[in-house]
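Chemist: give the three-dimensional model of this entry:
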Amino acid sequence: MTHDRDQEIRNRAYYLWEKAGRPAGHEHDFWAQAAREIEGDPADRTPAEDENRFIAR
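Modeler: Purely as a prediction, here's the structure:
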């Protein structure tokens with residue numbers, strides 16, 4: 001993971017944490033959510049999103 005990607009995840013996690021009211025003890029949850037949003041989680045994709053992806057052959 002690049003430094004830029006880490007910073008992007010950090011910023012998104014902070015935003016999510018603030019939006020949730022700054023709850024203590026859930027830092028890892030917000031980091032994981034931000035990482036899924038930014039890096040993408042294949043389990044979260046809809047079939048329509050998969051149809052529009054290029055796959056190298």
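Chemist: give me the buried positions along the helix or strand containing Ile38.
Modeler: Element membership for Ile38 (DSSP states H and E) is helix 27-39. Using 16 or more other CB atoms under 10 Å as the test for burial, helix 27-39 gives Phe30, Trp31, Gln33, Ala34, Ala35. For the C-beta atoms, the positions are set from N, CA and C on the backbone; glycine is no exception.
Chemist: give the other helices and strands that that helix contacts.
Modeler: helix 3-19 (3 or more CB pairs under 8 Å, 6 or more residues apart in numbering; DSSP states H and E).
Chemist: assign Pro23 to helix, strand or coil.
Modeler: Look at Pro23: counting by DSSP: H, G, I helix; E, B strand; the rest coil, its state is coil.
Chemist: find the nearest non-adjacent residue to it, please.
Modeler: Excluding the flanking residues, the one nearest Pro23 by CB to CB, 6 or more residues apart in numbering is Trp17, at 7.4 Å.
Chemist: wait, doesn't that neighbour sit right on Ala32?
Modeler: No. Using CB atoms under 8 Å, Trp17 makes no contact with Ala32, being 12.0 Å away.
Chemist: sorry, back to before: can you redo the buried residues of helix 27-39 as JSON lines with distance to Glu8 and pLDDT?
Modeler: Converted to JSON lines, these look like this (distance: CB to CB, whole Å; pLDDT from 0 to 100):
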{"residue": "Phe30", "distance to Glu8": "14", "pLDDT": "95"}
{"residue": "Trp31", "distance to Glu8": "12", "pLDDT": "94"}
{"residue": "Gln33", "distance to Glu8": "13", "pLDDT": "94"}
{"residue": "Ala34", "distance to Glu8": "8", "pLDDT": "94"}
{"residue": "Ala35", "distance to Glu8": "10", "pLDDT": "93"}
